[in-house]
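J.: Here is the input, now give the coordinates:
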Amino acid sequence: MFPRALDDTRAFDIARTLLDGFNLHYRLFRETSAAAKQRFEAGDWHGQQKAQALRIEFYDKRVDEAAERLEHEFGASQLSKDTWQQVKLHYIGLLTDHHQPELAETFFNSVTTKILHRSYFRNDFIFVRPAVSTEYIENDEPAAAPTYRAYYPSRPGSTDGLREMLLRIVDNYQLQREFEDLGRDVDYLMNALRGRFGEIRLRANFQIQVLSSLFFRNKGAYIVGKVINGFTETPFALPVLHNRHHRLVIDAALFGEDDLLMLFSFARAYFMVEMEIPSAYVQFLRSLMPRKPRAELYNALGLQKHGKNLFYRDFLYHLRHSSDKFRIAPGIKGMVMLVFDLPSFPFVFKVIKDFYPPQKDTTREQIQSKYLLVKTHDRVGRMADTLEYSNVAFPRHRFEDELVAELKHFCPSLIEEDASNLVIRHVYIERRMIPLNIYLQEATPEQLEHAVIEYGNAIKDLVRANIFPGDMLWKNFGVTRHGKVVFYDYDEIEYLTDCNFRKVPQARTEEDEMSGEVWYTVGPRDVFPETFGPFLLGNPQVREVFMKHHADLLDAEFWQGHKERIGAGHVHDVFPYEPHKRFRLHSYSPFGSILESEALAMLDAAAHSPGGAAQAAGFNPI
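T.: Okay, here's the model as predicted:
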């Protein structure tokens, strides 16, 4: 019910204060995102990583500031229901010509739910559904860049102008660092287009549309767009990297929805993109990846709070149109997390238990800090993103009794139940995957080989990102529908640089060697990689594949070497596409996905070390 009249003189001022808080947040968000271009041009990789982590904190800080100001200036927590309804109506009016209305609505929800107690709160006070349309929002300022640009060949129907058009597309981003040889890279791109489309016959409507801003993440910049030719639309992305001479190169051409889904994966860090109208970017990206939920696209653009809001709306909509029940998730139960799911919904819900077995020396605060570490770290396609919620009310009748009993036994401090709802005070939500241990049990020999290789690759990607996963058991990894192996159990992760990787010392006596107990001293962060084998490689088929491809993971020198390199300031390359898609280094098969500069540096170092060229010829990095 809405108030009959807007007669509370404070309501407009409160609405204006709320919008001022959001506008400050988005201005700072845009400034940090826009500065990613300068950091990329300068090769400031540590600065890029730091900015990506800090930007995640911006939103909560602005929400806290706005809530504090409203309480100080207006006594917001004591205002009547009628006043809050008037505030919302004024706020809607202020959003009529706003360029980020959907984000501003989410900010309104965040601030008001922080101020008002749940028992007092009603959906009338928040934006359960969007009140302002995001369709066809335009920035009408004369100097403003459009959301995307369309490029056409200089001679319609002829491929002769296609190369010139591609050069123009790249030039228009005005990157302030030279390309090593842009003409050569465009020739690579022309060959990739022929490989994708065959001999290209340009239809009357042929055009290439590209988003006006580059997408920055870690050490890469990405041109994102689509090729339109007749009735076909083909999404694409072009990764731009630094080479060993610190000049720019186009490293690959990614075509099709599946390639872009990998680039925008939920297991990767958020992009930095300079956007005036984010809803227009999401609309364009949805035309490239129609299977990807809008919530995940907002997340990928660094707007994860609005992504959470959209996810929750989708979840409520799904609940309304389904009838199955929440259950204890299949698989081996965790020691610190109680995991449940809804079979018809592709996500799992994770709740931290109140108590743990003796071997788990941890606390709720430590576990939450690990999940925050993952949120702010580079996830390199190998750690699932998590959505964190507080005070979520679930319909009680949708829960199996066994699950309710488990929640009350293991998590009583987080559970509140009334006649119709089961409220969980704190929950993480992650994309559901097939647990790797279950996948291996049901896999064909070919699937098993691929999964074990992927498992080792996942660990090595985490190593490159300065992450030691801690508990590397198969059950803590999942398989996505694209066949990627992703880590999702974070309660024991550490920075690689905080660990000490050691070989097991030689036994001093025969009694030591035969002892079932550890007879040597072990520090709190000592790790002995050679001891991983008995826990991971009991299956002979698994062991054969693992030892063929990833035996180095059982060697302390592998881990310690990467620790030292990262400690010295090196930032590894981890690419969101397969090595065979790269334009260069296809002949350097031993190097997998490492960058040309890194591979050549390794070869050079090996050639000048004892053993010289012979050692270089046999050199086998990751």
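J.: Check the nearest residue to residue 153 once chain neighbours are set aside and give its pLDDT.
T.: Leaving aside its sequence neighbours, residue 153 sits nearest to residue 161 (Cβ to Cβ, 6 or more residues apart in numbering; 3.8 Å). Where C-beta positions appear, they are placed from N, C-alpha and C, glycine not excepted. pLDDT recorded at residue 161 is 83.
J.: Break this protein into its domains for me.
T.: Annotated domains of the chain cover 9-125, 148-301, 322-432, 437-584 [automatic domain parsing].
J.: picking up where we left off before, pretty sure the residue nearest to residue 153 sits against residue 154.
T.: Yes: Residue 161 lies in contact with residue 154 (Cβ atoms under 8 Å); the separation is 3.6 Å.
J.: picking up where we left off before, pull the number of nearby residues for the residue nearest to residue 153.
T.: Neighbourhood size, residue 161 [other Cβ atoms under 10 Å]: 16.
J.: quick one: the helix or strand hosting residue 366 to chain centroid distance?
T.: For residue 366, the host element (DSSP states H and E) is helix 364-376. On the basis of Cα atoms, centre = their mean, to the nearest Å, helix 364-376 is displaced by 15 Å from the centre of the chain it belongs to.
J.: Quick one: list the elements packing against it.
T.: helix 45-74, strand 347-352, strand 386-395 (3 or more Cβ pairs under 8 Å, 6 or more residues apart in numbering; DSSP states H and E).
J.: Quick check: which of these is nearest to residue 101?
T.: Among those, helix 45-74 comes nearest to residue 101, with 16.6 Å by Cβ to Cβ.
J.: how about the closest one: buried residues?
T.: Neighbour-count burial for helix 45-74 flags 45, 48-49, 51-52, 55-56, 58-59, 62-63, 66-67, 69-70, 74 (criterion: 16 or more other Cβ atoms under 10 Å).
J.: repeat for stretch 81-92
T.: Residues of stretch 81-92 classed as buried by neighbour count (16+ other Cβ under 10 Å): 82, 83, 84, 85, 86, 87, 88, 89, 90, 91, 92.
J.: Now for the second one: which residues touch it?
T.: By Cβ atoms under 8 Å, 6 or more residues apart in numbering, the residues touching residue 83 are 8, 10, 11, 14.
J.: need the contact list for the nearest residue to the second one once chain neighbours are set aside.
T.: Here the nearest residue to residue 10 in space, its sequence neighbours aside, is residue 74; by Cβ to Cβ, 6+ apart that works out to 5.8 Å. Shown in contact with residue 74 (Cβ under 8 Å, 6+ apart): 10, 13, 14, 17.
J.: buried set for the strand or helix carrying the last one?
T.: Same thing as residue 17. Taking DSSP H and E as the definition, residue 17 sits inside helix 9-34. Residues 11-12, 14-15, 17-19, 21-22, 25-26, 29-30, 32-33 are the ones in helix 9-34 that count as buried (16+ other Cβ under 10 Å).
J.: Now do it: which elements does it pack against?
T.: Packing partners of helix 9-34 (3+ Cβ pairs under 8 Å, 6+ apart): helix 45-74, helix 81-94, helix 101-115.
J.: How far off centre is it?
T.: For helix 9-34, the distance to the chain centre is 26 Å (Cα atoms, centre = their mean).
J.: What of stretch 392-406?
T.: Averaging C-alpha coordinates over stretch 392-406 and over its chain gives two centres that are 29 Å apart (Cα atoms, centre = their mean).
J.: can I get the CA coordinates of it in PDB?
T.: The C-alpha coordinates for stretch 392-406 follow below in PDB (Å, rounded to 0.1, in the frame of the first residue of the first chain):
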ATOM      1  CA  VAL A 392      17.500 -15.300   4.100                       C
ATOM      2  CA  ALA A 393      13.900 -16.500   4.700                       C
ATOM      3  CA  PHE A 394      13.200 -19.800   3.000                       C
ATOM      4  CA  PRO A 395       9.700 -21.400   2.900                       C
ATOM      5  CA  ARG A 396       9.800 -24.100   5.700                       C
ATOM      6  CA  HIS A 397       7.500 -26.500   3.800                       C
ATOM      7  CA  ARG A 398      10.100 -26.700   1.000                       C
ATOM      8  CA  PHE A 399      12.700 -28.300   3.300                       C
ATOM      9  CA  GLU A 400      13.100 -32.100   3.800                       C
ATOM     10  CA  ASP A 401      12.900 -33.000   7.500                       C
ATOM     11  CA  GLU A 402      16.300 -34.600   7.400                       C
ATOM     12  CA  LEU A 403      17.900 -31.400   6.200                       C
ATOM     13  CA  VAL A 404      16.100 -29.300   8.900                       C
ATOM     14  CA  ALA A 405      17.400 -31.800  11.600                       C
ATOM     15  CA  GLU A 406      20.900 -31.400  10.200                       C
END
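J.: Give me the contacts around that stretch.
T.: 319, 324-328, 338, 340, 342, 417-424, 427.
J.: tell me the contacts of residue 15?
T.: By Cβ under 8 Å, 6+ apart, the contact list for residue 15 reads 87, 88, 90, 91, 93, 94.
J.: And for residue 190, the neighbour number?
T.: For residue 190, using other Cβ under 10 Å, the count is 16.
J.: could you measure it against residue 538, distance?
T.: For residue 190, the distance to residue 538 (Cβ to Cβ, to the nearest Å) stands at 51 Å.
J.: same deal with residue 412?
T.: 37 Å.
J.: what about these two, which has more around it?
T.: In terms of neighbours (other Cβ under 10 Å), residue 412 is the more surrounded of residue 412 and residue 538; the figures are 12 against 9.
J.: now the more buried one, nearest residue through space, not along the chain?
T.: Nearest to residue 412 is residue 354, by Cβ to Cβ, 6+ apart, at 6.2 Å.
J.: what helix or strand does that neighbour sit in?
T.: Counting by DSSP H and E, residue 354 is found in no helix or strand.
J.: residues touching it, list them.
T.: Contact analysis of residue 354 by Cβ under 8 Å, 6+ apart lists 364, 410, 411, 412, 413, 414.
J.: Just the ones of these in helices?
T.: Secondary structure from DSSP state H places 364, 410 of the contacts of residue 354 in helices.
J.: export the contacts of residue 354 to a markdown table and tack on distance to residue 140?
T.: Below are the contacts of residue 354 laid out as a markdown table (distance: Cβ to Cβ, whole Å):
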| residue | distance to residue 140 |
| --- | --- |
| 364 | 50 |
| 410 | 56 |
| 411 | 52 |
| 412 | 56 |
| 413 | 53 |
| 414 | 49 |
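J.: Run through the protein and note the low-pLDDT ranges.
T.: Confidence mapping of the chain against pLDDT under 70 gives the ranges 1-4, 117-124, 155-160, 508-517, 519, 585-622.
J.: center of it, which residue is that?
T.: residue 268 (3.2 Å; Cα atoms, centre = their mean).
J.: hang on, the earlier thing: show me which of the contacts of residue 15 is closest to residue 564.
T.: Distances from these to residue 564 were compared by Cβ to Cβ; the smallest belongs to residue 91, at 53.9 Å.
J.: quick one: contacts for the closest one?
T.: 15, 18, 19, 104, 108.
J.: Could you figure out how far the helix or strand that contains residue 305 is turned away from helix 101-115?
T.: Assigned by DSSP H and E, residue 305 falls within helix 304-320. What separates the directions of helix 304-320 and helix 101-115 is an angle of 80 degrees, with axes from the mean of the first three to the mean of the last three Cα atoms, to 10 degrees.
J.: Just after helix 304-320, pick out the following helix or strand.
T.: Sequence-wise, the next helix or strand downstream of helix 304-320 (DSSP H and E) is strand 327-328.
J.: that older thread, can you pull the buried residues of the helix holding residue 366?
T.: Residues of helix 364-376 classed as buried by neighbour count (16+ other Cβ under 10 Å): 367, 370, 371, 373, 374, 375, 376.
J.: circling back: does the residue nearest to the centre of the chain touch residue 381 like I think?
T.: Yes: counting by Cβ under 8 Å, residue 268 sits close enough to residue 381 to count as a contact (5.1 Å).
J.: which outside residues touch stretch 281-296?
T.: For stretch 281-296, the surrounding residues in contact (Cβ under 8 Å, 6+ apart) are 134, 147-148, 209, 211, 213, 224, 226, 233, 235, 257, 260-261, 264, 266, 273, 275, 297-298, 301, 307-308, 310-311, 314.
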